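[1] Fold the following, please.
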Amino acid sequence: ERATLARAADLGLAMQLTNIARDVGEDARNGRVYLPEHLLALHGLSRQQLIDKPYFSEPLGYAVRDLLANADIYYGRAMRGVAGLPMGCRPAIRGAALIYKKIGSEIIRNDFNSVDHRAHTSKWTKFETMAYAAMTPLLLKPVSAEPTDPSVAFLVDAATSSVVSAPKTIDDKLGRMVEIMATARVRRMGTLTGDDADSRYV
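    Okay, here's the model as predicted:
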């Protein structure tokens with residue numbers, strides 16, 4: 001259903017923002033910056049500045065803080081979609097979301113410094129979190145009907161572009177996935193022009 005797919009897209013956004021926040025230092029040392037330009041500019045920073053001098057500063061910490069605040073919004077929305085998934089995969093998806101969210105908590109504990117420290121969760125934390133996710137099914141909320149985030153609407157559109165029966169075999173599933181990816185790529189490339197091509201989160 002479209003509402004569940006929209007919440008899945010929210011989870012993808014939340015996890016990707018967490019990845020970006022976690023890998024700021026590693027990425028900059030490799031000549032890459034994925035922090036959104038508007039956040040860098042807001043705190044007086046630039047991509048080239050971070051690549052040239054990949055060290056932690058208070059303004060950079062503020063940019064990471066703001067990024068994680070955005071991620072938390074998406075995690076909250078994503079959790080409102082787990083109830084729309086098949087029962088067998090709910091604990092795994094919910095557990096993965098909670099584990100990734102804890103990476104953000106580790107970054108916060110490091111005072112938003114992800115240049116000198118790379119946040120991670122321990123094996124015990126992962127086990128504990130997965131156990132919690134599996135043992136608390138009654139905490140699931142009904143699927144939220146909030147609209148898809150505009151930055152990933154093209155992907156949800158592609159996934160719901162045609163009415164098909166659920167794929168049964170591995171080949172059918174792979175074929176459907178390739179079809180969705182191709183449709184999404186065509187739609188995205190056809191709609192992203194000018195300033196739109198510089199997405200907030202890509």
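[2] so where do the helices sit in the protein?
    With helices called from DSSP state H, the chain shows them at 2-22, 24-29, 37-42, 47-52, 58-78, 90-109, 123-135, 153-159, 170-191.
[3] Mind putting those helices into a markdown table with mean pLDDT, distance to residue 145 and mean neighbour count?
    Glycine gets a C-beta too; all of them are placed from N, C-alpha and C. Converted to a markdown table, those look like this (pLDDT from 0 to 100; distance: least, Cβ to Cβ, whole Å; neighbours: other Cβ atoms under 10 Å):
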| stretch | mean pLDDT | distance to residue 145 | mean neighbour count |
| --- | --- | --- | --- |
| helix 2-22 | 94 | 5 | 21 |
| helix 24-29 | 94 | 35 | 19 |
| helix 37-42 | 94 | 28 | 14 |
| helix 47-52 | 93 | 37 | 15 |
| helix 58-78 | 96 | 11 | 19 |
| helix 90-109 | 93 | 19 | 19 |
| helix 123-135 | 87 | 24 | 14 |
| helix 153-159 | 83 | 13 | 20 |
| helix 170-191 | 78 | 22 | 13 |
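[4] out of these, which comes closest to residue 115?
    Nearest to residue 115, of all those, is helix 24-29, at 3.4 Å by Cβ to Cβ.
[5] Contact partners for the residue lying closest to residue 101 once chain neighbours are set aside?
    Leaving out its chain neighbours, the residue that sits closest to residue 101 by Cβ to Cβ, 6 or more residues apart in numbering is residue 75, at 5.2 Å. By Cβ atoms under 8 Å, 6 or more residues apart in numbering, the contact set of residue 75 is 10-11, 14, 97, 100-101.
[6] roughly how far apart are residue 75 and residue 44?
    Residue 75 sits at a distance of 28 Å from residue 44 (criterion: Cβ to Cβ, to the nearest Å).
[7] give me the number of residues near the nearest residue to residue 175 once chain neighbours are set aside?
    Take residue 175 and drop its neighbours on the chain: the residue closest to it by Cβ to Cβ, 6+ apart is residue 167, 7.3 Å away. Close neighbours of residue 167, defined as other Cβ atoms under 10 Å, add up to 13.
[8] Let's see the pLDDT reported for residue 167.
    pLDDT for residue 167: 71.
[9] Touching, it and residue 179? I think so.
    No. Assessed by Cβ atoms under 8 Å, residue 167 is found out of contact with residue 179, at 10.1 Å.
[10] contacting residues for the residue nearest to residue 175?
    Residues counted as contacts of residue 167 (Cβ under 8 Å, 6+ apart) are 173, 175-176.
[11] out of those, which one sits closest to residue 151?
    Looking across the contacts of residue 167 and measuring by Cβ to Cβ, the closest to residue 151 is residue 176, at 23.1 Å.
[12] So residue 120 sits against residue 103, correct?
    Yes. Using Cβ under 8 Å, residue 120 is in contact with residue 103, at 6.8 Å.
[13] Export the contacts of residue 75 as a markdown table, with columns for distance to residue 63.
    Shown next, in a markdown table, are the contacts of residue 75 (distance: Cβ to Cβ, whole Å):
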| residue | distance to residue 63 |
| --- | --- |
| 10 | 22 |
| 11 | 23 |
| 14 | 17 |
| 97 | 23 |
| 100 | 19 |
| 101 | 19 |
